[in-house]
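Visitor: I'd like to go over a predicted model; first the sequence, then the structure.
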Amino acid sequence: MIAAPEPITVTIPHRLGREAAKARIDRGLAAIRGEIAPYVRSIEYRWEGYRLDFRMRAMLQSVSGRIEVYEEFVRIEFALPRLLHLLATTIRGRIERSGARLLEGPDREQPKIP
């Protein structure tokens, strides 16, 4: 039996505090959702306290994961199917850059994904 690829984990530090970081992520979801729409067939997410569980379909593949908001950092963990795991380094880099922009500096309504 072939083992599934390891989940991808990204940790992004911030100085916002837990509530403000969660609020920025929540506001940023609409912008992020709009920017990835050409690549994603569907996306579902749900907050449970300071944890956001998500699932999306992209390139006929299913991606699921969670975002956990802590006082000084945000931890993003997601599982990629084998086909998309080939792009893990690229995907991780985009998430790190976009997340850092969202959580740093002045409040932004629409983070841009490069």
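Guide: Done, it's in. The structure presented is a predicted model; accordingly, all values stated were derived computationally and were not measured.
Visitor: the lowest-mean-pLDDT helix or strand in the chain packs against which elements?
Guide: Least confident helix or strand, the chain: helix 82-85 with a mean of 77, by mean pLDDT, DSSP states H and E. In this structure, helix 82-85 makes packing contacts with strand 61-69, judged by 3 or more C-beta pairs under 8 Å, 6 or more residues apart in numbering; DSSP states H and E. The C-beta positions use only the backbone N, C-alpha and C, and glycine is treated the same way.
Visitor: which element follows the strand it packs on toward the C-terminus?
Guide: Toward the C-terminal end, the helix or strand that comes next after strand 61-69 (DSSP states H and E) is strand 73-79.
Visitor: can I get that following strand in PDB, CA atoms only?
Guide: The C-alpha coordinates for strand 73-79 follow below in PDB (Å, rounded to 0.1, in the frame of the first residue of the first chain):
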ATOM      1  CA  PHE A  73       1.000  32.900  15.100                       C
ATOM      2  CA  VAL A  74      -1.300  31.200  12.700                       C
ATOM      3  CA  ARG A  75      -0.800  27.600  11.800                       C
ATOM      4  CA  ILE A  76      -2.100  26.300   8.500                       C
ATOM      5  CA  GLU A  77      -2.200  22.600   7.800                       C
ATOM      6  CA  PHE A  78      -3.600  20.900   4.700                       C
ATOM      7  CA  ALA A  79      -3.400  17.600   2.900                       C
END
